[in-house]
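>>> model this:
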Amino acid sequence: MYLHLNTHSAYSLLEGLPHPVELAQAASANGMSALGLTDHLTLTGAIEFVQACKQHDIQPILGLEIDLEKGRLPLLATNLEGWANLCRLSSVLSLRDKP
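Presented below is the predicted three-dimensional model:
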């Protein structure tokens, strides 16, 4: 079974169109047991995503996509410590002067 681990929601401005609820609905309609959300530089849709996944019996996988010199890197949390690290990283990135 194929699982999407690197998806963008409408919270990834100009990069994703569906809201987290729509992503969970699509995953359910396609028989997926899990779905990853890796919005670009933001975790804004995470709570909405987790709630929607639970309603559709989908395992939510939370992540964050960051920019590196050679391209983008999706990071996935595998536990609460990983989630805490993503939160800290997202905060640091949003507070820096340079894009």
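>>> Give me the pLDDT for the residue nearest to Asn85 when sequence neighbours are not counted.
Leaving aside its sequence neighbours, Asn85 sits nearest to Ala77 (C-beta to C-beta, 6 or more residues apart in numbering; 7.3 Å). Yep, even glycine has a C-beta here, placed from its N, CA and C like the rest. You'll see Ala77 listed with a pLDDT of 97.
>>> show me where this structure has strands.
In the chain, the strands defined using DSSP state E lie at 34-37, 59-68, 71-76.
>>> Of all the ones you listed, which one comes closest to Ala10?
Set against Ala10 and scored by C-beta to C-beta, the strands of the chain come closest in strand 34-37, at 11.2 Å.
>>> residues contacting the residue nearest to the spatial centre of the chain?
Closest to where the C-alpha atoms of the chain average out (C-alpha atoms, centre = their mean) is Leu37, at 2.3 Å. Contact analysis of Leu37 by C-beta atoms under 8 Å, 6 or more residues apart in numbering lists Thr7, His8, Ser9, Pro20, Leu23, Gly45, Ala46, Phe49, Pro60, Ile61, Leu62, Gly63.
>>> Check whether the fourth one really touches Ser9, as I assumed.
Think Pro20. Yes: the pair Pro20 and Ser9 qualifies as a contact (C-beta atoms under 8 Å) at a distance of 4.9 Å.
>>> can you list residues touching both of these two?
With C-beta under 8 Å, 6+ apart, Pro20 and Ser9 have common neighbours Leu37, Gly45, Phe49.
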